[in-house]
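J.: Sequence first, then the predicted structure:
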Amino acid sequence: MPRLLAAFLTCVVAAALAAGAAFAIAAALDTAPEPRNVPLVTFPDPPAPAPSGTSAPAAG
């Protein structure tokens, strides 16, 4: 019976430690600032369309 009690207490302590570690990690991640959302690649703006009053050369 004492071995069964020791095994049960070991399981309870291990579960408590695992839950405590999970809460500690979650709390540590919650306090860390979020990184900025910076794109890795940027593309230049497309050229502005030609005004409608001018005629473009016809392709030919």
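T.: The structure has been received and is ready for your questions. This one's a predicted model, so the numbers in the text were calculated from it and none came from an experiment. Residues are numbered from 1 along each chain as shown.

J.: okay, CA-based contacts and neighbour counts for the rest of this
T.: Fine.

J.: ok, and Gln28, which helix or strand is that part of?
T.: Small correction: residue 28 is Ala, not Gln. Using DSSP states H and E, Ala28 maps to helix 2-31.

J.: how deep is Phe43 tucked in, by neighbour count?
T.: For Phe43, the neighbour count with other Cα atoms under 10 Å is 5.

J.: can you pull the pLDDT of it?
T.: Predicted confidence (pLDDT) for Phe43: 86.

J.: any idea how far Ala16 is from Ala28?
T.: As defined by Cα to Cα, to the nearest Å, Ala16 lies at a distance of 18 Å from Ala28.

J.: And for Ala19?
T.: Distance check for Ala19 against Ala28: by Cα to Cα, it reads 14 Å.

J.: Tell me the spacing between Ala19 and Pro33.
T.: Taking Cα to Cα as the criterion, Ala19 is separated from Pro33 by 24 Å.

J.: Those two - which one has more neighbours?
T.: The neighbour count for Ala19 versus Pro33, taken as other Cα under 10 Å, is higher for Ala19 (12 against 7).

J.: who's in contact with that one?
T.: Residues in contact with Ala19, defined by Cα atoms under 8 Å, 6 or more residues apart in numbering, are absent; none qualify.

J.: measure it to Val13 for me?
T.: Ala19 sits 10 Å away from Val13, taking Cα to Cα as the criterion.

J.: do the same with Pro2
T.: Counting by Cα to Cα, the gap between Pro2 and Val13 amounts to 16 Å.

J.: Low-confidence bits of this protein, can you list those?
T.: Along the chain, the parts satisfying pLDDT under 70 run over 53-60.

J.: on that earlier part again, and for Ala19 and Val13, which residues touch both?
T.: In terms of Cα under 8 Å, 6+ apart, Ala19 and Val13 are not both contacted by any residue.
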